[in-house]
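**Q** structure, please.
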Amino acid sequence: MSDASPHATGELSMIKQCTVVLTRHCNLRCDFCYVKRAGYSQADRIDYADLQRVVDFCCDAGVKFIFFTGGEPLLYPQILEILQYINSKKQSHNIQAAIASNGVVLKNQSFCQKLVDSGLDYLDISMKGFGSQDWKQATGYDGAEQQLQAIRNVAALNLNFTCSMVVTSASVQTLCEAVQQAQENGARQFSFTFVIDNEPSKTKDLVYLQEHSPFKLIDSFLAQRDRLDAITTDWWIEYSLPLCAYTEEQLALLKGKMASPCQIHHNNAITFNTKLELLPCDMYLEHPFGQLGKDFSTYQEFKEFIVQSGYSDFMNTLRQMPAAECADCLHLQACRGGCPVLWKNYSFSSLKALRESSKLHWIQEK
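**A** Sure thing, here's the model as predicted:
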């Protein structure tokens with residue numbers, strides 16, 4: 001790994017967002033879940049008094065967005081109460097609450113209304129595919145109709161929401177059908193994330209990439225670009241793959257459609273798990289650093305702690321570029337090496353080797 005990151009510094013930028021894992025309990029078992037090894041224990045959830053402590057800390061730190069995730073955060077028993085608590089702080093601290101959900105429990109219109117009345121500002125509904133077959137294959141559960149009802153319910157409210165989708169080799173096949181159906185039921189904006197494998201694989205490097213080619217996934221997605229644009233132009237791709245996974249022609253097609261790098265590279269967000277432990281991001285659940293209320297309580301104590309604890313050093317390690325040649329890349333500022341998690345199962349050199357072999361295969365076919 002190269003240390004060419006433009007943000008290789010221990011100094012934390014202003015915290016814009018705090019992600020909080022409310023519970024590891026979930027009503028689905030998505031095959032692409034990035035925290036599946038955490039288990040889905042109903043008992044693994046944050047204590048409500050501790051959750052209030054997180055909100056108070058965020059207010060002290062000047063955080064603008066608290067983003068609740070899981071598991072399925074809407075299964076958290078005090079979800080309405082914590083939204084109301086945040087809502088009571090909005091006038092004095094200008095803080096907003098957001099939730100990422102699979103949407104199954106949002107089939108209840110009354111519950112949707114209660115979320116809005118309690119102060120929810122933004123909702124992300126994670127689509128799992130098109131129809132019952134896709135849902136069962138991806139999650140082990142048929143929630144297709146329930147999610148469509150959820151979209152209708154949310155669309156009828158005064159709430160900003162997005163429908164997101166993890167693009168896998170399976171879901172990409174019916175991506176446009178899923179978007180079309182969601183739009184017909186009231187969805188207006190869509191985000192896509194190319195799947196990030198957070199599990200250690202038995203195969204590594206070139207063998208792994210041949211089995212899970214990002215080039216094929218990008219090609220399959222962009223083959224539907226015109227059809228997707230005919231349905232809606234309000235869509236974008238979330239940050240995951242390094243930009244060298246795309247051709248220059250593909251990047252030109254995606255101009256204005258690519259989200260900026262993640263919180264690790266921007267150095268402007270923090271994550272707490274259900275035990276109030278500080279994480280680099282939720283994907284690094286095996287790397288907790290200290291605990292709110294024990295190792296630090298105020299924002300000033302936090303700034304001192306992250307330097308002393310090794311958290312800043314670890315974050316700087318994650319920000320390192322996957323190769324020295326990244327430093328000379330024209331796309332460095334927009335890419336910053338891609339999601340650090342990607343490099344758990346393969347190296348930059350193996351990605352480059354696959355890219356070259358893919359080009360050769362394409363030339364031979366032509």
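
**Q** give me the local confidence score for R37.
**A** Among the per-residue scores, R37 shows a pLDDT of 89.

**Q** just give the nearest non-adjacent residue to it, would you?
**A** E199 (6.8 Å; CB to CB, 6 or more residues apart in numbering). Quick note: C-beta positions are derived from backbone N, CA and C, even for glycine.

**Q** ranges for the helices of the stretch 51-200 of the chain?
**A** Here the stretch 51-200 of the chain has its helices, by DSSP state H, counting those that start in this stretch, at 79-87, 90-93, 109-118, 131-139, 144-155, 175-184.

**Q** in CSV, list those helices along with mean neighbour count.
**A** Shown next, in CSV, are these (neighbours: other CB atoms under 10 Å):
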stretch, mean neighbour count
helix 79-87, 19
helix 90-93, 12
helix 109-118, 16
helix 131-139, 17
helix 144-155, 20
helix 175-184, 19
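
**Q** so can I have a markdown table of those helices showing mean pLDDT?
**A** What follows is the helices of the stretch 51-200 of the chain, written out as a markdown table (pLDDT from 0 to 100):
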| stretch | mean pLDDT |
| --- | --- |
| helix 79-87 | 98 |
| helix 90-93 | 95 |
| helix 109-118 | 98 |
| helix 131-139 | 95 |
| helix 144-155 | 97 |
| helix 175-184 | 97 |
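
**Q** let's have those helices in CSV, adding distance to K257.
**A** CSV is the format used below for the helices of the stretch 51-200 of the chain (distance: least, CB to CB, whole Å):
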stretch, distance to K257
helix 79-87, 31
helix 90-93, 32
helix 109-118, 29
helix 131-139, 24
helix 144-155, 22
helix 175-184, 14
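
**Q** which one, of those, ends up nearest to K294?
**A** Nearest of those to K294, taken as CB to CB: helix 79-87 at 20.9 Å.

**Q** for that closest one, which outside residues touch it?
**A** Defining contact as CB atoms under 8 Å, 6 or more residues apart in numbering, one finds that helix 79-87 is touched by 22, 48, 51-52, 55, 66, 68, 73, 76, 95-97, 99, 114-115, 118-120.

**Q** whichever of these end up buried, select them in PyMOL.
**A** The buried residues among those can be selected in PyMOL (16 or more other CB atoms under 10 Å) with this line:
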select buried, resi 22+51+52+55+66+68+73+76+95+96+97+99+115+118+119+120
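
**Q** next step: the contacts of helix 79-87 restricted to strands.
**A** For these, membership in strands holds for I66, F68, Q96, A97, I99, with DSSP state E as the criterion.

**Q** so what's the second one closest to, chain neighbours aside?
**A** The shortest distance from F68 to any non-neighbouring residue, by CB to CB, 6+ apart, is to I99 (4.8 Å).

**Q** for that neighbour, give the beta-bridge partners.
**A** Here I99 sits in beta bridges with F68, L123, going by DSSP bridges.

**Q** that one reaches D121, doesn't it?
**A** No. The criterion here is CB atoms under 8 Å, and I99 misses it with D121 at 9.3 Å.

**Q** and the residue nearest to Q224 when sequence neighbours are not counted, how far from L254?
**A** Among residues not flanking Q224 along the chain, C176 sits closest, at 5.3 Å (CB to CB, 6+ apart). C176 sits at a distance of 16 Å from L254 (criterion: CB to CB, to the nearest Å).
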